[in-house]
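Novice: Provide a 3D model corresponding to the input given below.
(2 chains)
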Amino acid sequence: MTGRRHPARDSQVGSSGPFLPSLAGTFLTWVAVTVLTTLAVSPALAHGGSIGAAGRSSLRLPTWLVLLTGGAAVGASFLLSSFVTDRGLIRAIDGWRRGLPLPNRAATILGRVVGLAVLAAVLVVGFVGPQSSANLAVLLVWVGWWAGFTMLSYLVGNAWPVLNPWRTLAALLPTSGRSVPRSLGTWPAVAGLLALVWLEVVSPLAAAPAQLATVVVGYSLVTLAGAAVVGPADWFRFVDPVAGVFRNYGRVAPIGRDEDGGLELRLPATALTRPGSISGPGDVAFVVALLWATTYDGLVTTPAWTDAIEALAGVGVPTAVVYPLALLAGFALFLAGFHLAAMASRRVAGTYLARETLLELVAPSLLAIAAGYHFAHYLGYFLTYAPAIVAVAAAPLAARATIPTLALPDWFQFVGMAAVLVGHLLAIWVAHARAFAAVPDRMDAIRSQAPFVAVMVGYTMTSLWIVAQPEVPVPT
Amino acid sequence: MRLRDDGTPDPETAYDVPPGAPVHECGICGAPFPAREDRELHRALVHGREAGDGVAGGDEGEEADTLEAAREREETALRRFRLKALGAVVALYFVLLMVYALV
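Specialist: Numbering: from 1, shown residues only, chains lettered A, B, ... in the order given. Now for the predicted structure:
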């Protein structure tokens, strides 16, 4: 990919090594290969820094076997989850929560000041700092914010509404009193997310700090103007894709808002089992777009994509047209796949629940998968470059040839593997719990999940295929 | 908002009955179901109705029998499915085991 190039790449998961002959060894190998292969599946808005020298394809297994194993693991997880059929147990687990004190006024103000200071630093250092990827603006945006802060959003809680500097600034602006038409729902945010993904893929945002800062200025102008027209509450709920990403990831987190506006501690991902978390076709589409964005991000770095671009260019189709078209077509395909699954779900479960209801039931579980992939990809990247942020922040305008990085031990890759596994298990749990709450007959509830599991198996295998390809630069 | 706070479908918005399909409506909230058994399970799950509670206009004895039958149908299907699922997981494991041994 041309965007977000970084001096070195994050740790790459290698082969699982020689296969042990014993049963236990084979099983462990299967688990390891499964996790390891699903691991590399493009994470949310993927590969922020996973770009650089080495390709992704360090697996020594034939591709078809990797696809088969990954698909089988997802299917097996669904079968195993169907053994938990006690509604009381499901409700007790999902309903566990403890109240937490709200942060006081001083903490909120401090958070806003930090958000504004970071925005100012990105703009100033982006424009006047050294024009290389060892620039504080690049490190703050991709390492500190997109890797680190996003992880914080689903591991701890979503602090973006407080830190968000545009929300702080927008609160100072007069508003026109207009609002976003409710019939639009979250669809504007879906369009915004797809636009951001397109921009990120076609422009070299990590190698050129000034360009990154220019994009931030553009985003700031659009955001502040929009928030002034429809008011900050509507803008950040229905239109702003960045707030949407953090709000959705925040639902995976163990700390978040309860129904009464207070703070609560809950088990990870259990907030996703609550119905209010996804409401309406726009919210469903946003989650699907988040997932598709991860796939697209990986797809454009495959040799097959390069071949397709060249073939299309040969018959006179401009490359600049292919990128946005493929982005939209793939999103439509993903959405259509989930709609077809919902129609099949209605049939096999023999339920009169509407297609849209079934989509709202299943969509939140995709967020746990997205969070698992994000963590697997970005934890190593974040830890590797976190020392660089500190070092570069000490003298942000000084040009430097090298930046300090943290070398990660070999076993570190297993942390990522575990993260992907946990993401999948949480997703299956969430889908299971939601189906059990909505469908009276528990056997029908299990049946209703089957078509969605089939789609997820297909999705996993597609993503694995992308991951198994050697990574090549994005053709332009 | 098609789902309510407790995770149950909102009877006003969540359902979409195919034209001409048989409908067994819940006497309390009006939610439609394809079979009497589903309706009784729904009433037990959503409205906390148990066998013999009865609802306005309903036949208590028949409803109690239906709920019993529905629970039995559900349990039997679940037991059968668990066996199949266990078999599928074991089969999947051994197929992959052999594939890995051959590759």
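Novice: looking at chain A, which helix is longest?
Specialist: helix A:355-394 (DSSP state H).
Novice: can you pull the buried residues of it?
Specialist: Along helix A:355-394, the positions that meet the burial threshold by neighbour count (16 or more other CB atoms under 10 Å in any protein chain shown) are A:355-386, A:388-389, A:391-392. Placement of C-beta: from N, CA and C, glycine included.
Novice: ok, and which of these reach chain B?
Specialist: Within the set of those, contact with chain B (CB under 8 Å from any CB of the partner chain) is found for A:Arg355, A:Glu356, A:Thr357, A:Glu360, A:Leu361.
Novice: which pLDDT value belongs to the first one?
Specialist: The reference is to A:Arg355. What the model reports for A:Arg355 is a pLDDT of 94.
Novice: and the residue in chain A positioned nearest to chain B, how close does it get to A:Leu79?
Specialist: Ranked by CB to the nearest CB, the top residue of chain A for proximity to chain B is A:Ala437, at 3.1 Å. Distance check for A:Ala437 against A:Leu79: by CB to CB, to the nearest Å, it reads 21 Å.
Novice: settle it for me: which of these two has more neighbours?
Specialist: Here A:Ala437 and A:Leu79 are compared on neighbour count by other CB atoms under 10 Å in any protein chain shown; more neighbours surround A:Ala437, at 24 against 20.
Novice: may I have the secondary structure class of A:Leu408?
Specialist: coil (DSSP: H, G, I helix; E, B strand; the rest coil).
Novice: list the residues that contact the closest residue to A:Ala454 other than its chain neighbours.
Specialist: Nearest residue to A:Ala454, sequence neighbours excluded (CB to CB, 6 or more residues apart in numbering or on different chains): A:Ala341, at 6.9 Å. For A:Ala341, the contacting residues are A:Pro451, A:Phe452, A:Ala454, A:Val455, by CB atoms under 8 Å, 6 or more residues apart in numbering or on different chains.
Novice: tell me which element the last one is part of?
Specialist: Secondary-structure element containing A:Val455, defined by DSSP states H and E: helix A:442-468.
Novice: next, the angle from the helix or strand containing A:Val125 to helix A:355-394.
Specialist: Assignment of secondary structure by DSSP H and E places A:Val125 within helix A:105-128. Between the axes of helix A:105-128 and helix A:355-394, defined by axes from the mean of the first three to the mean of the last three CA atoms, to 10 degrees, the angle is 70 degrees.
Novice: run through who's touching helix A:105-128.
Specialist: Contacts with helix A:105-128, where a contact means CB under 8 Å, 6+ apart, come from A:103, A:135-138, A:140-141, A:144-145, A:159, A:162-166, A:168-169, A:209-210, A:212-214, A:216-217, A:220, A:396-397.
Novice: now the strand or helix carrying A:Ala326 against helix A:442-468, angle please.
Specialist: With elements taken from DSSP H and E, the one containing A:Ala326 is helix A:319-349. Between the direction of helix A:319-349 and that of helix A:442-468, the angle (the same axes, to 10 degrees) works out to 160 degrees.
Novice: so where do the strands sit in the stretch 151-300 of chain A?
Specialist: For the stretch 151-300 of chain A, the strands defined by DSSP state E, counting those that start in this stretch cover A:255-257, A:263-266.
Novice: among those strands, which comes closest to A:Leu291?
Specialist: Closest approach to A:Leu291 among the strands of the stretch 151-300 of chain A is made by strand A:255-257 (21.1 Å; CB to CB).
Novice: phi, psi for the residue of chain B found nearest chain A please.
Specialist: Per CB to the nearest CB, the residue of chain B with the smallest distance to chain A is B:Gly7, at 3.1 Å. The main-chain torsion angles of B:Gly7 are listed as degrees, to the nearest 10 and equal phi 90, psi 0.
Novice: next one: it from A:Trp96, what distance?
Specialist: Distance from B:Gly7 to A:Trp96, counting by CB to CB: 15 Å.
Novice: next: A:Leu265.
Specialist: Taking CB to CB as the criterion, A:Leu265 is separated from A:Trp96 by 9 Å.
Novice: look at the residue most central in space within chain B and give its secondary structure.
Specialist: With the centre of chain B defined as its mean C-alpha position, the nearest residue by CA atoms, centre = their mean is B:Asp38, 5.6 Å away. Local secondary structure at B:Asp38 is given as helix here, using three-state DSSP.
Novice: list the contacts of it.
Specialist: For B:Asp38, the contacting residues are A:Gly350, A:Thr351, A:Pro440, A:Asp441, A:Asp444, B:His24, B:Ala70, by CB under 8 Å, 6+ apart.
Novice: next one: B:Leu86
Specialist: Applying CB under 8 Å, 6+ apart, one finds that B:Leu86 lies in contact with A:Leu79.
Novice: and the strands in chain B?
Specialist: B:24-25, B:32-33 (DSSP state E).
Novice: so which bits of the stretch 301-450 of chain A are right by chain B?
Specialist: With CB under 8 Å from any CB as the criterion, the stretch 301-450 of chain A meets chain B at residues A:350-357, A:360-361, A:433-434, A:437-438, A:440-444, A:446.
Novice: same thing but 10 Å
Specialist: If contact is defined as CB under 10 Å from any CB of the partner chain, the residues of the stretch 301-450 of chain A in contact with chain B are A:346-347, A:349-361, A:433-447.
Novice: assumed A:Val84 was part of a strand.
Specialist: No: counting by three-state DSSP, A:Val84 falls outside a strand, being coil.
Novice: does it touch A:Phe436 like I think?
Specialist: Yes: distance between A:Val84 and A:Phe436: 8.8 Å, which falls inside the contact criterion (CB atoms under 10 Å).
Novice: now do the shared contacts for those two.
Specialist: Taking CB atoms under 10 Å, 6 or more residues apart in numbering or on different chains as the contact rule, A:Val84 and A:Phe436 both touch A:Ile90.
Novice: who's more crowded, the two?
Specialist: The residue with more neighbours, out of A:Val84 and A:Phe436 and counting by other CB under 10 Å, is A:Phe436; that gives 24 against 14.
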